[in-house]
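Participant: task: produce atomic coordinates for the following.
(chains A and B)
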Amino acid sequence: MKEILKLDNVSYRYADAEKDDYVLKNINYKFELGKVYAIKGRSGSGKTTLLSLISGLETNYDGKITYDNQDLKNINLDTYRNTYVGIVFQSYNLLPHLTASENIILSMDISKTKEKDKKGKAIKLMESVGLNKNFASRRVLKLSGGEQQRIAIARSLSYNPKVILADEPTGNLDKETEDEILNIFKSLAHKENKCVIIVTHSKNVCDEADKVYELKKHKN
Amino acid sequence: MYILKNALISITRNKGRNLLIGIIIVVIALSSAVTLAIRNSASSLINSYENKYDVKATIGVNRENMRGGMRPEESMSDEDRDAKREEMQAVFADASNITEDEINKYGDSKYVKEYYYQVSVGVNAEDLEKASMENSENNDKMGGPENGGREKFNGMNDSDFTLTGYSTLSAMEDFINGRYKITDGKISTDMNDNSCVISEELATLNDIKLNDEIAFIDPNNEDNKITLKVAGIYDEESDTESMMGMFAASANNIITNANVVNNFTKNDEDIHKTITPTFILTDKKDVQKFEKELTSKGMSEYLTVQTNLDEVENSTKTISNVKTFATTFLIITLIIGGAILFVISMINIRERKYEIGVLRTIGMKKSHLTMQFVCELLIVSFASLLIGTGLGAMCSVPVSNHLLESEISNSETQKQNVENNFGGHGDKPMFDRISGTVEVAAFDSIDAAVDLKVLLELLGIGVALTLVSALASMISIQKFSPLTILKERS
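Facilitator: Numbers count the residues shown, from 1 in each chain, chains lettered A, B, ... in the order given. Next up is the predicted model:
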């Protein structure tokens, strides 16, 4: 399995925190393609912060994060986020004034995906996460939580990234839907050779993951 | 391309927000179009006045310099004072005696658009009786003093008549401004023609008719004669209060062209001619430069350039005030409108923080995001500008027309009057060239109140307003952290 992401002695503290008040300290994780990873930990342990560092949304850290052997600090992070990693949030973060397919197409546009029939591809992606084409023209606010999360996953897949980062993707969903979403992630890792990293509280997700990292609240 | 597409989707899906911005821009564009149109109409009127009332410069005595240089000192005796006074009079006479060569030299200047002069000389006539209050039909009602004796022409020659020659038709200001009006015949437009026009009084007194010939004699030399054919008879517009003074000055005034006077006087070195030059300046700002040039060309320190600038500026004062008011109103509208737009944009951006956060998170570059927001504002601004300008054009036409209509009417009436004063030649191009009657044509298209210039100015305003509004988005997009936005949202 090819190593795609690596964290070497990564430490992070908030800008206004005291000198030794780290949220994350000396984190050394490795992530490979074709696997589902779960990062668990209690509230405040720094799970979401770690995901922010990996997704390039937060850059003020110590240590080194590499994507495909390239230091994130040397990569254009906009390009990194719109090409190499797909991000799925607990609160979906879809644009409410757009329809389901427009949300996916916009993501393709931003990543400059060369696709002649972007709407056709969007519908295929929706179908791959269990939504039929009737959902394509619906405004996202008219969709249920599970449906919105599927659209968010389809959006994150629209430019075919190697890494999927998911922050509590099943946190707002019922057990049945959680299972369906988990199956999608597992399928992406095992069948499409993607690296799926899920930050979660859920024991179910941890059980289904190929590898689990546990973050403990750092104490000075 | 996707930026434009996304901007259009955003505009159509957030109608309320964009409608508010649109209404504000329509109001700004409407008031700007009206004020710009009024301002431009006012500028056109001012230009018209300035063209119509050309900046005329003439050469006069510099009384300040003369007083300073020739003032008798207190310690002087009476005799010395008298001597000084005589010296001053001699300098005054010498300084004011400008020659035709000097006029041509001064007129050959880049600051001068056109120049002409009037030359006057005292003459006598063999078979002509001088008009006076005594033999005037107005004598009884006026009851004025007798004025039958020979008049001293500028104290130099004893003469009965004044022969006044003009170098061009433009120089005949008394006919242009309507003081003199031809009642029979016409003024010859040939500036080498041996013809003249005489007053009605003189014609009646001596029973002179059109095409009669009159012989005039040099008061200094009876052998020097000139015969002129009467081409026209003029009447002088007058009121009873000024009748007495005017009668003596004008009834015996024989009007001809400058060549006639110059040919008549060329063999008499002693005859005293008075030449009054007029220089039409290209620009009112050139007065100082023109005077400096004349000084360098040898104009006496006791002479100065005198202009009609005060008169021209006074005539445009009211419309200048309208222009200033329109400009001030425009500036205030733009400042208040710009501030309101900026605040609304800031509020809008705060509402759209979540959208900014999501787009930044999925990898949209700050520059692209800014472009999208600017695109949205540009589309809304220009659509609103079009509506505002259209409404402005509809409102500004009647306002501007009202300002301009009376001016056009005045200009046309004036032109017609001048033509009549000269005897009505039907020679339009000739009279169009006369100073003071031109530029009427420039006002024919009064409907162009919101013209290309106004449209370009509005376009500039639109771009400026968009930039002001976009500034809010640019600042916010640079400042907002996507992570913070999404955390706040969660």
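Participant: tell me how many other residues crowd the closest residue to B:Asn192 other than its chain neighbours.
Facilitator: On the basis of CB to CB, 6 or more residues apart in numbering or on different chains, the spatially nearest residue to B:Asn192 that is not a chain neighbour turns out to be B:Asn259, at 5.3 Å. Placement of C-beta: from N, CA and C, glycine included. Burial measure for B:Asn259: 17 neighbouring residues, criterion other CB atoms under 10 Å in any protein chain shown.
Participant: mind checking which helix or strand B:Asn259 is in?
Facilitator: Here B:Asn259, judged by DSSP states H and E, is contained in helix B:258-265.
Participant: contacts for that helix?
Facilitator: For helix B:258-265, the surrounding residues in contact (CB atoms under 8 Å, 6 or more residues apart in numbering or on different chains) are B:100, B:117-121, B:123, B:163-167, B:171, B:191-192, B:194, B:196, B:216, B:218, B:224, B:226, B:228, B:271, B:273.
Participant: helices and strands around the following helix or strand past that helix, which ones?
Facilitator: With elements assigned by DSSP H and E, the helix or strand that comes after helix B:258-265 is strand B:273-281. Under the contact criterion of 3 or more CB pairs under 8 Å, 6 or more residues apart in numbering or on different chains; DSSP states H and E, strand B:273-281 touches strand B:56-61, helix B:100-107, strand B:112-125, helix B:287-296.
Participant: what about residue 207, neighbour count?
Facilitator: Using chain A. Neighbour count for A:Asp207, taken as other CB under 10 Å: 10.
Participant: to clarify, I was referring to chain B.
Facilitator: Applying other CB under 10 Å, we find 8 residues neighbouring B:Asp207.
Participant: number of nearby residues for residue 159?
Facilitator: Defaulting to chain A. For A:Tyr159, the neighbour count with other CB under 10 Å is 22.
Participant: you answered for a different chain; I wanted chain B.
Facilitator: There are 26 residues near B:Ser159, going by other CB under 10 Å.
Participant: wait, a helix at A:Leu106?
Facilitator: Yes: counting by DSSP: H, G, I helix; E, B strand; the rest coil, A:Leu106 is part of a helix.
Participant: looking at the longest helix along chain B now, give me its mean pLDDT.
Facilitator: Under DSSP state H, the helix in chain B containing the largest number of residues is helix B:366-421. In this model, helix B:366-421 carries a mean pLDDT of 78.
Participant: chain center to it, what's the gap?
Facilitator: Its chain's C-alpha centre lies 24 Å from the corresponding centre of helix B:366-421 when counted by CA atoms, centre = their mean, to the nearest Å.
Participant: buried residues of the helix holding B:Asn259, list them for me.
Facilitator: Within helix B:258-265, the residues that qualify as buried by neighbour count (16 or more other CB atoms under 10 Å in any protein chain shown) are B:258-262, B:264-265.
Participant: for ChimeraX, what selects the buried ones among the contacts of helix B:258-265?
Facilitator: Selecting only the buried entries of the contacts of helix B:258-265 in ChimeraX, with 16+ other CB under 10 Å as the criterion:
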select /B:117,118,119,120,121,123,163,164,165,166,167,171,194,196,216,218,224,226,228,271,273
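Participant: and the residue in chain A positioned nearest to chain B, how many neighbours?
Facilitator: The shortest separation between chain A and chain B is 2.6 Å, found at A:Asn82 (distances taken as CB to the nearest CB). Other residues within reach of A:Asn82, judged by other CB under 10 Å, total 25.
Participant: that one touches A:Met108, doesn't it?
Facilitator: No: under the criterion of CB atoms under 8 Å, A:Asn82 is not in contact with A:Met108, lying 9.5 Å apart.
Participant: got any residues that touch both of those two?
Facilitator: Residues touching both A:Asn82 and A:Met108 (CB under 8 Å, 6+ apart) are A:Tyr159.
Participant: and the residue of the stretch 101-250 of chain B found nearest chain A, what does it touch?
Facilitator: With CB to the nearest CB as the measure, B:Lys110 is the residue of the stretch 101-250 of chain B nearest to chain A, at 61.3 Å. Listed by CB under 8 Å, 6+ apart, the contact set of B:Lys110 reads B:Thr282.
Participant: you'd agree it is in a helix?
Facilitator: No: the secondary structure assignment for B:Lys110 gives coil rather than a helix, going by three-state DSSP.
Participant: pLDDT wise, what is it at?
Facilitator: B:Lys110 is assigned 92 on the pLDDT scale.
Participant: do the helix or strand where A:Gly120 lies and chain B meet?
Facilitator: Assessed by DSSP H and E, A:Gly120 sits inside helix A:118-128. No: residues of helix A:118-128 are not located near chain B by CB under 8 Å from any CB of the partner chain, the shortest gap being 9.7 Å.
Participant: which elements pack onto that helix?
Facilitator: Other helices and strands packing on helix A:118-128, by 3+ CB pairs under 8 Å, 6+ apart, are helix A:100-110, helix A:145-157.
Participant: ok, residues contacting it?
Facilitator: Residues outside helix A:118-128 that contact it (CB under 8 Å, 6+ apart): A:100-101, A:104-105, A:108-109, A:115, A:132-133, A:135-136, A:150-151, A:154-155, A:157-158, A:184.
Participant: which parts of chain A sit against chain B?
Facilitator: Proximity of chain A to chain B is confined to A:52, A:55, A:57-58, A:78-83, A:87, A:89-91, A:93-95, A:97-98, A:102, A:106-107, A:109-111, A:155 under the rule CB under 8 Å from any CB.
Participant: mind checking which of the residues you listed are in helices?
Facilitator: With helices identified by DSSP H, the entries of the residues of chain A next to chain B that belong to them are A:52, A:78-79, A:102, A:106-107, A:109-110, A:155.
Participant: whichever of these end up buried, select them in ChimeraX.
Facilitator: In ChimeraX, the members of these classed as buried (16+ other CB under 10 Å) are selected with the following command:
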select /A:52,78,102,106,107,109,110,155
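Participant: just give the nearest non-adjacent residue to B:Ile379, would you?
Facilitator: Of all residues apart from its sequence neighbours, B:Ile11 sits closest to B:Ile379 (CB to CB, 6+ apart), at 6.0 Å.
Participant: now swap in A:Leu141 and tell me
Facilitator: Distances taken as CB to CB, 6+ apart put A:Pro96 closest to A:Leu141, at 4.9 Å, once the chain neighbours are dropped.
Participant: confirm that B:Leu483 sits in a strand.
Facilitator: No: according to three-state DSSP, B:Leu483 belongs to no strand; its state is helix.
Participant: tell me, how many neighbours does it end up with?
Facilitator: Counted by other CB under 10 Å, the residues lying close to B:Leu483 total 17.
Participant: likewise for B:Met88?
Facilitator: Close neighbours of B:Met88, defined as other CB under 10 Å, add up to 17.
Participant: ok, it touching B:Arg63?
Facilitator: No: using CB under 8 Å, B:Met88 is not in contact with B:Arg63; the gap is 10.9 Å.
Participant: could you count how many residues lie near the closest residue to chain A within the stretch 1-150 of chain B?
Facilitator: Here the stretch 1-150 of chain B gets closest to chain A at one residue, B:Tyr2, 3.5 Å apart by CB to the nearest CB. B:Tyr2: 16 surrounding residues under other CB under 10 Å.
Participant: in three-state terms, label A:Glu18 for me.
Facilitator: What three-state DSSP gives for A:Glu18 is coil.
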